[in-house]
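> Return a 3D structure for these sequence lines:
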Amino acid sequence: MLVKYWMKKTVVTVDINDSMQDAISLMKEHFVPLLPVLKRGKLVGVITDSDLKRASASDATTLDVHELAYLISKIRVQEIMTKNPITVPPDFTLEETAARLLMNDISAAPVVDEEEKIVGTISQRELFLALTSLSGFARRGVQFAFMLEDKPGSIKEVTDIIRGYGARLASILTSSERAAEGYRHVYVRAYDVDRDKMDQLLKELREKSELLYMVDHRDNKREEYVQTGRSAEEKQGAGEVSVVSTRRVLFCTDFSENSGLARVRAVEYAKAFQAELLVLHVVSSRLVGYPSFENTIPLDLDELQRTIDERVRTELEVTAAKCKSELGEVKTDVRYGEIPTEIVRYAERNSVDLIVMGTHGWTGIRHVLLGSVAENVLRTASCPVLTVKAPRGSAVVQ
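Purely as a prediction, here's the structure:
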């Protein structure tokens, strides 16, 4: 699993003297997350989506789109690029590459050989493609997860049972991480499984091993088992009820009037569950203005960014103060990027149990450009999402 076999070999680069608009156009045209920056053919930096978002005029400005386009056309790549970029060699393993990206909190890197020549780029997308390929996910099939003793023959015992039902193995992955002493977690993906005999197969596997869960990707059927050998359904049938714990509630605000009602609901849920309330605002990378902000924005890029940050922080403090009056301590945060993506990412990184947000905060052209944030979050979030829409004609909660 070496980088040179998985990296993107077609490299799109940008010159140090090119404009920010050139970089934006190249990234959109070629759908790449990173542009190596060259000076006389030598790598001197990189431009990423994050670099462009930090340098772009964001939602907190009401500059005319033409004025913004002019501003962006005057900014040079060398002013906003990341210098001394992190690189990886082509003979790195994918595991080494993933660790380097994680350690440096980056999503992509140029691949540079011993002669300091750029031979490709590697990003999270290539790593994900490798993961799905090596795990055999493309064949869909069924994945079985086991807790097996770390001894010779333990894996063969369960795979022989699976093969006995006409199945073919796509992949076997094992890890001792988070496993009890002397045991391993084993993940077996199989296809061509006889679904008519699935119940019998599961019964035999559970009798002869510690089966943790089964996921049938073809039929979208999922069963998780407790370590006593009984399924969650059997456990509830015996009078034992699983309780979902809500420890963190995330309230997402866009500072629009409709956010007021969502804030009320978020506070209610946090109080009911005695949960921590997190208040998040995402400054979008799109060039669309907030109606609540003033019209005068400086053209100096650094001053513009400071103005954006100050105004967003002020709005966030006002919102947080309203929550604190009923809850006490409230954690606030600001993120920059695509709104749905950042909300979901923030929720996952902070182990959020419930997301509360309003719908249709933007209207008209803003709604067309931003799309439905709530719909995207609902579709991609891994935790429950409560969307709150102000009733038509009702008073708006401030």
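
> Show me where this structure dips below the pLDDT cut-off.
Low-confidence regions of the chain, defined by pLDDT under 70, span residues 56-71, 226-246, 285-305, 360-371, 390-398.

> center of it - which residue?
Note on the chain: the residue nearest the mean C-alpha position is Arg345, at 4.0 Å, using C-alpha atoms, centre = their mean.

> Counting by contacts, list what whichever strand or helix holds that one packs against.
Assigned by DSSP states H and E, Arg345 belongs to helix 339-349. Contact partners of helix 339-349 among helices and strands, from 3 or more C-beta pairs under 8 Å, 6 or more residues apart in numbering; DSSP states H and E: strand 248-252, strand 276-284, strand 331-337, strand 354-358, helix 373-380. The C-beta positions use only the backbone N, C-alpha and C, and glycine is treated the same way.

> could you measure the closest residue in space to the residue nearest to the centre of the chain that isn't next to it in sequence against Cys252, distance?
Counting by C-beta to C-beta, 6 or more residues apart in numbering, Arg335 is the residue found nearest to Arg345 once chain neighbours are left out, at 7.9 Å. From Arg335 across to Cys252, the span is 10 Å (C-beta to C-beta, to the nearest Å).

> Please apply the same query to Val188.
In this structure, Val188 lies at 39 Å from Cys252, with C-beta to C-beta as the measure.

> right, and Ile162 touches Leu169 too?
Yes - the pair Ile162 and Leu169 qualifies as a contact (C-beta atoms under 8 Å) at a distance of 7.2 Å.

> just the angle between the helix holding Arg345 and strand 331-337, please?
130 degrees (axes from the mean of the first three to the mean of the last three C-alpha atoms, to 10 degrees).

> what about helix 339-349, distance to the chain center?
6 Å (C-alpha atoms, centre = their mean, to the nearest Å).

> related to what we said a few turns ago, beta partners for the residue nearest to Arg345?
The partner list for Arg335 in beta bridges (DSSP bridges) reads Val282.

> Wait, it touches Ser284, no?
No - the criterion here is C-beta under 8 Å, and Arg335 misses it with Ser284 at 10.0 Å.

> Between those two, which is the more surrounded one?
Summary of the neighbour comparison: Arg335 and Ser284, criterion other C-beta atoms under 10 Å, with Ser284 having more neighbours (24 against 15).

> Stretch 16-25: end-to-end distance?
Taking C-alpha to C-alpha, to the nearest Å, the span from the opening residue of stretch 16-25 to its closing residue is 15 Å.

> Can you list the buried residues in that stretch?
Neighbour counts using 16 or more other C-beta atoms under 10 Å place Ile16, Asp18, Ser19, Met20, Asp22, Ala23, Ile24 of stretch 16-25 among the buried residues.

> For Val188 and Cys252, indicate the residue with more neighbours.
In terms of neighbours (other C-beta under 10 Å), Cys252 is the more surrounded of Val188 and Cys252; the figures are 28 against 23.

> which one in this structure is furthest away from the centre?
Distance to the chain centre peaks in the chain at Gly164, reaching 38.9 Å (criterion: C-alpha atoms, centre = their mean).

> How much space separates it from Tyr225?
Between Gly164 and Tyr225 the computed distance is 20 Å (C-beta to C-beta).

> that older thread, hey, what's in contact with both of Ile162 and Leu169?
Taking C-beta atoms under 8 Å, 6 or more residues apart in numbering as the criterion, Ile162 and Leu169 both touch Val188, Ala190.

> neighbour count winner among the two?
A direct count of neighbours by other C-beta under 10 Å for Ile162 and Leu169 places Ile162 higher, at 20 against 15.

> can you tell me the helix or strand for that one?
Assessed by DSSP H and E, Ile162 sits inside helix 154-163.

> Just the CA atoms of that helix, as CSV, please.
As requested, the backbone C-alpha atoms of helix 154-163 are provided in CSV (Å, rounded to 0.1, in the frame of the first residue of the first chain):
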residue,chain,number,x,y,z
SER,A,154,-9.2,-18.4,15.7
ILE,A,155,-9.8,-16.5,12.4
LYS,A,156,-9.9,-19.6,10.3
GLU,A,157,-12.6,-21.1,12.5
VAL,A,158,-15.1,-18.3,11.8
THR,A,159,-14.1,-17.9,8.1
ASP,A,160,-14.7,-21.6,7.5
ILE,A,161,-18.2,-21.3,8.9
ILE,A,162,-18.9,-18.3,6.6
ARG,A,163,-17.5,-20.2,3.6
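
> Okay, buried residues for that helix please.
By neighbour count, with 16+ other C-beta under 10 Å as the criterion, the buried positions of helix 154-163 are Ser154, Ile155, Val158, Thr159, Ile161, Ile162.

> now swap in stretch 333-342 and tell me
Taking 16+ other C-beta under 10 Å as the neighbour-count basis, stretch 333-342 is seen to contain the buried residues Val334, Tyr336, Gly337, Glu338, Ile339, Pro340, Glu342.

> do stretch 374-393 as well
Buried, per 16+ other C-beta under 10 Å, within stretch 374-393: Ala374, Asn376, Val377, Leu378, Ala381, Val385, Leu386, Thr387, Val388, Ala390.

> Got phi/psi on Glu223?
According to degrees, to the nearest 10, the main-chain angles of Glu223 amount to phi -130, psi 130.

> What's opposite the residue nearest to it when sequence neighbours are not counted in the beta bridge?
When the adjacent residues along the chain are set aside, Glu223 lies closest to Met214, with 4.9 Å between them (C-beta to C-beta, 6+ apart). Beta-bridge partners for Met214, by DSSP bridges, are Phe144, Glu223.

> Measure how buried Met214 is and give me the count.
As a burial measure, the neighbour count of Met214 was computed by other C-beta under 10 Å and equals 20.

> who are the neighbours in contact with it?
Taking C-beta under 8 Å, 6+ apart, we find Met214 in contact with Val142, Gln143, Phe144, Ala145, Leu202, Lys221, Arg222, Glu223.

> cool, and Tyr346?
Leu250, Leu280, Asp333, Arg335, Val352.

> And the helices in the stretch 1-150 of the chain?
Listed in chain order, the helices of the stretch 1-150 of the chain (DSSP state H, counting those that start in this stretch) span residues 20-30, 49-55, 65-74, 77-80, 94-103, 124-134.

> Output these in a markdown table, with distance to Val111 appended to each entry.
Shown next, in a markdown table, are the helices of the stretch 1-150 of the chain (distance: least, C-beta to C-beta, whole Å):
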| stretch | distance to Val111 |
| --- | --- |
| helix 20-30 | 16 |
| helix 49-55 | 19 |
| helix 65-74 | 29 |
| helix 77-80 | 20 |
| helix 94-103 | 9 |
| helix 124-134 | 10 |
